[in-house]
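Asks: need a 3D model of the following:
(one chain, ligands or ions: 1)
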Amino acid sequence: MTANRDTDAAWKYHNGTKHSYHSVRVHPHFLDWDNKPLLFKIYPTLEVMRLPKEFKQTGVAALSAIATTNVPVQGEAVPDLEKLAQLLFLSAGVTKSKKYPGGEIFFRAAACTGALYEIELYIVCADLPGLEAGIYHFGAAEFGLRGLRKGDYRQVLVEATATEPAVACAPVIIICTGTYWRNAWKYRSRTYRHFGWDNGTILANLLAVSSALTLPAKIVCAFNDTQVNRLIGVDTQREVTFSIVAIGHTSTAPPSPPGKIEPLELPVVPYSKAEVDYPAMRQMHEASSLVSAEEVAVWRRNDAWQQGATAKTDGIALQPPSDADIPRDAIEQIILRRGSTRKFSQESITFAQLSTMLDRATRGVQADFLDPLSTLLNDLYLIVNNVDGLASGAYFYARDRQELELLRAGNFRKQAGYLGLEQELPADASMDVFFLADLRRVLDRFGNRGYRAVQLEAGILGGKLYIAAYAQRVGASGLTFYDDD
Ligand SMILES: Cc1cc2nc3c(=O)[nH]c(=O)nc-3n(C[C@H](O)[C@H](O)[C@H](O)COP(=O)(O)O)c2cc1C
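Replies: Take a look at the predicted model:
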């Protein structure tokens, strides 16, 4: 049995990192502010190539961009430097800063737990208009690229993904990594879950902006971990690849790599004075790693995920407005407008707004673990506190029928606040969406790596919900939770 198939590892990690009423009281965590990690990865010995910041507006409505699941391939779809910059800025760029007496906080395009921004992006590309083929690190601090390797290395990723079709045809491949300590400073071993969520919100933006730029994009979770990590030269004790995104389309096959993959061993500015190690996460990562081309190919070629059709009941049909009637603010405007709501007013939203959010955010995600495209690993449950035209209560969203099934009627503001780690946000919000997954089924099908996929998917859906809310001038915030309650 391969390590990935021994799913005790995922159960051990999952059960060991649950939040409960008791766990947060018995194991309270106090933040060591003097040791707070730096929010950026900086290679001090490499020069930065600044990226252009003036972009042509796509003008594509955010609600259309997040709902588009398939960008048709028409000939070559190769982004130039400006489009690449736009993708990076609107996914992981610094979009806002706020001054406070002790300094300045930099906020990014996508929501991130604790605003700690532990996800880094690397670009592996062919020659693009305005950018030579190479491997680059995206420096969010300077909004620039630092070259790690010169030349076209895409073939290494074609091999690492066992010739995943989108990767084999992509002029640009983005590698997303998570750096344990940068998030574990606050969340300790729970950070491995956060990798999925925080990577997911970035990917929600990236997919939406790609579609607005008419660039096909596909998320790939099946890859040989060692090969990918070696290519970008990360220290895997501290930073690991979590997902890959193939962007664009070209009919020219990647050439053989320009040379042997020598270790990079580049100095990096230390994140903190001292780092605390949480071995449970490294164990979870190792146990969910794929080690050979055969294992990668088998992981991807598993039978299609059967989404259980829901039993017919007297559900309440969503009432999303038609394309002609949706708010049309462009995706770039919405990403810049987005920010996590810090206080909800307890006012109502309309049933049409709720319908639009659920409908647009869940139309499907281009990912190698979702086959057919319309399937999802997560199910959505709602607590409705104040929605015009919908009774307050707990609901299940039957996505196949676009209907809400009432599970229990009543005012559950207090319970929602409790479930959201005793915070006011979920109690005050008009509604709360919970992502739940049948972990046993996911792990049976995908092994431990299913844990990465299911958390990532929840992050993508959450990221889409943020955009769908802000596109309708409704506030939103991600939330953590008590697992078993
Ligand atoms: C998955 C996820 C969970 C979050 N959980 C909480 C939470 O429990 N409480 C909270 O106040 N904010 C939460 N946030 C919001 C983050 O704190 C916020 O995204 C971060 O501070 C960056 O700010 P911004 O979203 O306004 O850009 C969460 C965000 C995400 C993506």
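Asks: residue numbers of the stretch 151-300 of the chain in contact with the ligand?
Replies: Neighbours of the ligand within the stretch 151-300 of the chain, by C-beta under 6 Å from any ligand atom: 197, 201. Where C-beta positions appear, they are placed from N, C-alpha and C, glycine not excepted.
Asks: what segments of the stretch 151-300 of the chain are strands?
Replies: Here the stretch 151-300 of the chain has its strands, by DSSP state E, counting those that start in this stretch, at 172-179, 217-220, 239-247.
Asks: would a markdown table of the ones you listed with distance to residue 68, mean neighbour count and mean pLDDT be doable?
Replies: A markdown table is the format used below for the strands of the stretch 151-300 of the chain (distance: least, C-beta to C-beta, whole Å; neighbours: other C-beta atoms under 10 Å; pLDDT from 0 to 100):
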| stretch | distance to residue 68 | mean neighbour count | mean pLDDT |
| --- | --- | --- | --- |
| strand 172-179 | 18 | 25 | 99 |
| strand 217-220 | 10 | 24 | 98 |
| strand 239-247 | 14 | 25 | 98 |
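Asks: where does the record place the domain boundaries for the protein?
Replies: The chain breaks down into these domains under automatic domain parsing: 3-300, 316-470.
Asks: point out where this protein drops to low pLDDT.
Replies: 302-304, 306-310, 312 (pLDDT under 70).
Asks: ok and the residue in it nearest the ligand?
Replies: Taking C-beta to the nearest ligand atom, the ligand has its nearest neighbour within the chain at residue 478, 2.5 Å off.
Asks: got a list of what that residue touches?
Replies: Residue 478 makes contacts with 111, 113, 197, 201, 340, 462, 466, as judged by C-beta atoms under 8 Å, 6 or more residues apart in numbering.
Asks: rerun that using 7 Å as the cut-off
Replies: 111, 197, 340, 462 (C-beta atoms under 7 Å, 6 or more residues apart in numbering).
Asks: just the buried members of these?
Replies: Buried members of those, scored by 16 or more other C-beta atoms under 10 Å, are 111, 197, 462.
Asks: got these as a markdown table, with distance to residue 245 columns?
Replies: Formatted as a markdown table, the buried ones among the contacts of residue 478 follow (distance: C-beta to C-beta, whole Å):
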| residue | distance to residue 245 |
| --- | --- |
| 111 | 18 |
| 197 | 17 |
| 462 | 17 |
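Asks: those residues in helices, which ones?
Replies: 197, 462 (DSSP state H).
Asks: hang on, the earlier thing: mind checking the domains of the chain for the one nearest to residue 484?
Replies: domain 3-300 (6.3 Å; C-beta to C-beta).
Asks: how far is the closest one from where the chain is centred?
Replies: 9 Å (C-alpha atoms, centre = their mean, to the nearest Å).
Asks: what is the burial count for residue 23?
Replies: 13 (other C-beta atoms under 10 Å).
Asks: and it, how far from residue 279?
Replies: Distance of residue 23 to residue 279, given as C-beta to C-beta, to the nearest Å: 19 Å.
Asks: quick one, phi/psi of residue 402?
Replies: phi 50, psi 50 (degrees, to the nearest 10).
Asks: what does residue 397 give?
Replies: Residue 397 adopts backbone torsions of phi -90, psi 110, taken as degrees, to the nearest 10.
Asks: dump the residue contacts of it.
Replies: 358, 380, 382, 404.
Asks: just give the nearest non-adjacent residue to it, would you?
Replies: residue 380 (4.1 Å; C-beta to C-beta, 6 or more residues apart in numbering).
Asks: who does that neighbour bridge with?
Replies: residue 435 (DSSP bridges).
Asks: same thing with residue 317?
Replies: Beta-bridge pairing of residue 317 under DSSP bridges involves residue 403.
Asks: ok, it to residue 251 distance?
Replies: For residue 317 relative to residue 251 (C-beta to C-beta), the value is 44 Å.
Asks: for the two, indicate the residue with more neighbours.
Replies: Taking neighbours as other C-beta under 10 Å, residue 317 and residue 251 compare with residue 317 leading, 11 against 8.
Asks: so can I have CSV of the contacts of residue 478 showing distance to residue 73?
Replies: What follows is those, written out as CSV (distance: C-beta to C-beta, whole Å):
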residue, distance to residue 73
111, 31
197, 30
340, 35
462, 28
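Asks: max pairwise distance over the residues you listed: which two?
Replies: Going by C-beta to C-beta, the pair spanning the contacts of residue 478 furthest: 197 and 340, at 12.8 Å.
Asks: quick one: residues contacting the nearest residue to residue 160 once chain neighbours are set aside.
Replies: If the residues on either side of it in the chain are set aside, residue 160 comes closest to residue 227, at 4.0 Å by C-beta to C-beta, 6+ apart. Counting by C-beta under 7 Å, 6+ apart, residue 227 touches 156, 159-160.
Asks: what's the answer for residue 366, then?
Replies: 69, 207, 217-219, 373.
Asks: with residue 210 as the reference, measure out to the residue of the chain closest to the ligand.
Replies: 22 Å.
Asks: can you report how many residues neighbour residue 415?
Replies: Residues near residue 415, counting by other C-beta under 10 Å: 17.
Asks: please enumerate residues in contact with the helix or strand in which it is found?
Replies: When elements are assigned from DSSP states H and E, residue 415 belongs to helix 413-419. Contact with helix 413-419 is made by 383, 385, 423-424, 426-427, 432, 481-482, 485, as judged by C-beta under 7 Å, 6+ apart.
Asks: filter those down to the ones in helices?
Replies: Short answer: the contacts of helix 413-419 in helices (DSSP H) are 424, 426-427.
Asks: ok, so of those, who is nearest residue 263?
Replies: For residue 263, the nearest member of these is residue 426. The distance, counting by C-beta to C-beta, is 46.3 Å.
Asks: quick one: contacts for the closest residue in space to the closest one that isn't next to it in sequence?
Replies: Spatial nearest neighbour of residue 426, excluding adjacent residues (C-beta to C-beta, 6+ apart): residue 420 at 3.5 Å. Residue 420 is in contact with 426, 479, 481, counting by C-beta under 7 Å, 6+ apart.
Asks: any idea how far the nearest residue to residue 274 once chain neighbours are set aside is from residue 196?
Replies: Residue nearest to residue 274 in three dimensions, not counting chain neighbours: residue 35, with 6.3 Å by C-beta to C-beta, 6+ apart. Distance check for residue 35 against residue 196: by C-beta to C-beta, it reads 25 Å.
Asks: and these two? Which one has more around it.
Replies: Each of residue 35 and residue 196 had its neighbours counted (other C-beta under 10 Å), and the higher figure belongs to residue 196 (21 against 14).
Asks: most remote residue from the middle of this protein, which is it?
Replies: residue 314 (33.9 Å; C-alpha atoms, centre = their mean).
Asks: from residue 68, how far off is that one?
Replies: Distance from residue 314 to residue 68, by C-beta to C-beta: 32 Å.
Asks: which residues touch residue 245?
Replies: Taking C-beta under 7 Å, 6+ apart, one finds 173-174, 203, 206, 217-219 in contact with residue 245.
Asks: what bridges to the residue nearest to it when sequence neighbours are not counted?
Replies: Leaving aside its sequence neighbours, residue 245 sits nearest to residue 174 (C-beta to C-beta, 6+ apart; 4.5 Å). Listed by DSSP bridges, the beta-bridge partners for residue 174 are residue 123, residue 245.
Asks: i'd like the first residue to be 57 from this point on
Replies: Okay, using 57 as the starting number, the last item reads as residue 230.
Asks: nice, that's everything, thank you.
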